[in-house]
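[1] build me a structure from this.
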Amino acid sequence: MRVIVAGVGYRNLRDHSVGVAVADRLLDRAWGVDVVVEDLSYNPIAVMQRLEDEPPERRFTRAVMVGAVERGNRPPGTVAAYRWDGVLPSDEEIQRAVSEAVTGVIALDNTLVVTRHFGGLPEDVVVIEVEPGVQEFGDEFSAPVAKVVDEVCELAVIMATDAGAAARLPTGPLGGARSAAAGHGLG
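    Purely as a prediction, here's the structure:
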């Protein structure tokens with residue numbers, strides 16, 4: 001199994017920087033040759049091309065994607081982890097996602113939709129999303145998000161290195177099935 005652990009977000013946008021912060025922290029870990037950690041916070045078309053640049057025999061078999069996603073129905077700092085079912089939205093929504101990608105929008109859902117649509121993602125995609133509390137320039141997380149960053153890092157490590165743990169996650173559409181703040185949602 002070859003895995004990419006990717007953070008997606010904006011630097012210096014407080015809670016919306018959580019994916020970038022996780023990737024930065026995980027870069028310092030000792031990983032085996034089959035785990036790659038990257039900040040994929042750039043144009044989703046370029047992300048798709050980056051994933052496709054891997055030699056066919058070395059393509060990733062799992063992606064663990066981490067970022068802040070404002071769903072609006074969860075308290076700030078809520079962590080949701082799930083295996084994405086890979087179901088794409090309507091053609092109109094895909095077109096909107098591609099248009100946003102071209103104009104520079106960096107968002108976890110957008111990156112997932114565009115890279116799946118164009119075939120860059122592996123079939124096995126674990127999504128770890130954090131509900132942000134604030135969206136403003138700055139380099140400090142809100143208190144609820146700051147409390148879960150270490151947990152999100154640990155969860156990303158587990159999802160990258162333990163195939164059984166990932167298999168126990170619920171499978172669902174973008175937005176996930178349930179929160180994983182307590183016990184990593186693996187129970």
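[2] every contact and neighbour count from this point should use C-alpha atoms.
    Will do.
[3] and T115, that one's in a helix?
    Yes. Counting by DSSP: H, G, I helix; E, B strand; the rest coil, T115 falls inside a helix.
[4] what kind of secondary structure is R71 in?
    Secondary structure, three-state DSSP: R71 is coil.
[5] flag the shaky bits of the protein, pLDDT-wise.
    177-187 (pLDDT under 70).
[6] repeat that for 90
    Counting by pLDDT under 90, the low-confidence segments of the chain come to 28, 32-33, 56-57, 72-73, 101-105, 135, 163, 175-187.
[7] all the helices of it, residue numbers only.
    18-27, 44-52, 91-103, 108-117, 143-146, 149-161, 163-168 (DSSP state H).
[8] the fourth one vs helix 18-27, what angle?
    Think helix 108-117. 70 degrees (axes from the mean of the first three to the mean of the last three CA atoms, to 10 degrees).
[9] which strands and helices sit next to helix 108-117?
    helix 44-52, strand 62-68, helix 91-103 (3 or more CA pairs under 8 Å, 6 or more residues apart in numbering; DSSP states H and E).
[10] the same query, at a cut-off of 10 Å, please.
    Packing partners of helix 108-117 (3 or more CA pairs under 10 Å, 6 or more residues apart in numbering; DSSP states H and E): strand 3-8, helix 44-52, strand 62-68, helix 91-103, strand 124-130.
[11] nearest to R14, of those?
    strand 62-68 (10.1 Å; CA to CA).
[12] ok, the closest one: who's next to it in the sheet?
    If you go by DSSP bridges, strand 62-68 pairs up with strand 3-8 (parallel), strand 124-130 (parallel).
[13] then it to CSV, C-alphas only?
    C-alpha atoms of strand 62-68 as CSV (Å, rounded to 0.1, in the frame of the first residue of the first chain):
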residue,chain,number,x,y,z
ARG,A,62,-4.7,5.5,-0.6
ALA,A,63,-5.0,9.3,-0.1
VAL,A,64,-5.6,10.7,3.4
MET,A,65,-6.8,14.3,2.8
VAL,A,66,-6.9,16.8,5.6
GLY,A,67,-8.5,20.2,5.7
ALA,A,68,-11.0,22.6,7.2
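[14] chain center to that strand, what's the gap?
    Centre-to-centre, strand 62-68 and its host chain are 2 Å apart (CA atoms, centre = their mean, to the nearest Å).
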